[in-house]
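1. 3D, please:
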Amino acid sequence: MCGRFALTASPEEVAEILGVMELEGFPPRYNIAPTQPILVAVASPPAEPGSNRPDRMAVLVRWGLIPSWVKDPKEFTLLINARSETANEKASFRAAMRHRRILVPASGFYEWHRPPKESGEKLQAYWIRPKSGGIVCFGGLMETYMSKDGSELDTGCILTVGANKTIGEIHDRMPVVIQPQDFSRWLDCRHGEPRDVADLLRPAAEDYFEAIPVSDLVNKVANVGPELQAAVALPPKKQKPTADKSGDGQMSLF
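-> This is a model prediction of the structure:
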């Protein structure tokens, strides 16, 4: 899954990779959490003939998708992720998968490795970023929820897929990564159905990300500084006790 991520690139860098008009200034965000606003790219409405307007635009949505048919959001589970393998079948995501696919720019994401209880080891956080640096774009979905009073709220979630071997040593899921050459195809919901972009819902290449162990500062939403991404040394693994092979297994009277 993807429960926290960061976007620390400049607005100019984000606008360039997304291919959108100039973005308003925003500060680096090192600990983006569910229910907070996130920047996403969506396909622009059809342009007038001869217009040179970009075919995509940037908008803000709340991280945590609310399907349009939900009656009371307070009683509905927060949907920050959607499994890409079943998104086109689930009632919560089916309409968005067909009509409202988005891109979620990020500098990387955080994941936690939960060791077996019997190991005695603690939960370990990792900062996972592209090896080459820069911005990565996750595939996501968007829904506009209309409340009883008529107000609208744009909401979104991030699609996940089974982790590749590299990330699989930390967690069994990872965000879907959409490469720049596939941005237009992914966002084009007018001509491309879910089956036409199914090939994009795959794990990133093994050498795409690097995982850096970090402290548990990221666990608290109130912590928002660059120190969250500072590497830490992993504690030594506890060695399992080995059986004493010095004897022959028989009890001695002496």
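
2. outside of stretch 94-102, which residues touch it?
-> 40-42, 61, 65, 67-68, 87-88, 139-143, 156, 186-187, 189, 193-194, 197 (Cβ atoms under 8 Å, 6 or more residues apart in numbering). Where you see a C-beta, it was placed from the backbone N, CA and C, and this is true even at glycine.

3. contacting residues around the spatially closest residue to residue 169 that is not a sequence neighbour?
-> Take residue 169 and drop its neighbours on the chain: the residue closest to it by Cβ to Cβ, 6 or more residues apart in numbering is residue 113, 7.6 Å away. With contact taken as Cβ under 8 Å, 6+ apart, residue 113 is in contact with 123-124, 126, 169-171.

4. what do you get for residue 158?
-> 2, 63, 80-82, 104, 138-140, 175-176.

5. same deal with residue 43?
-> Contacts of residue 43 (Cβ under 8 Å, 6+ apart): 55-56, 187-190.

6. with residue 117 instead?
-> Counting by Cβ under 8 Å, 6+ apart, residue 117 has no contacts.

7. repeat for residue 22
-> Residue 22 touches 11-12, 15, counting by Cβ under 8 Å, 6+ apart.

8. swap the cut-off to 10 Å and go again
-> Residues near residue 22 by Cβ atoms under 10 Å, 6 or more residues apart in numbering: 11-12, 15-16, 58.

9. for residue 210, state which of those residues is nearest.
-> residue 16 (22.9 Å; Cβ to Cβ).

10. and the helix or strand harbouring that closest one, how far out from the chain middle?
-> Residue 16 is part of helix 11-18 when elements are defined by DSSP states H and E. Helix 11-18 sits 18 Å away from the centroid of its parent chain (Cα atoms, centre = their mean, to the nearest Å).

11. which is the succeeding secondary structure element to that helix?
-> strand 29-32.

12. report the next helix or strand after that following strand in sequence order.
-> Note on strand 29-32: by DSSP H and E, the next helix or strand toward the C-terminus is strand 37-43.

13. residue 90 versus the residue nearest to residue 169, what's the distance?
-> 27 Å (Cβ to Cβ, to the nearest Å).

14. same check on residue 227?
-> 38 Å.

15. and the helices in the stretch 51-200 of the chain?
-> Under the criterion DSSP state H, counting those that start in this stretch, helices of the stretch 51-200 of the chain are mapped to 94-99, 165-168, 183-187.

16. out of these, nearest to residue 76?
-> helix 94-99 (14.8 Å).

17. returning to that earlier point: any of the contacts of stretch 94-102 buried? List them.
-> Buried members of the contacts of stretch 94-102, counted by 16 or more other Cβ atoms under 10 Å: 40-42, 61, 65, 67, 87-88, 139-143, 156, 186-187, 189, 194, 197.

18. circling back: among the helices of the stretch 51-200 of the chain, which is nearest residue 221?
-> Nearest to residue 221, of the helices of the stretch 51-200 of the chain and by Cβ to Cβ, is helix 165-168 at 23.2 Å.

19. listing request: residues of the stretch 101-250 of the chain with sub-threshold pLDDT.
-> 238-250 (pLDDT under 70).

20. again, only this time at 50
-> Within the stretch 101-250 of the chain, the segments meeting pLDDT under 50 span 249-250.

21. so residue 112 touches residue 172, yeah?
-> No. Counting by Cβ atoms under 10 Å, residue 112 stays clear of residue 172, with 12.0 Å between them.
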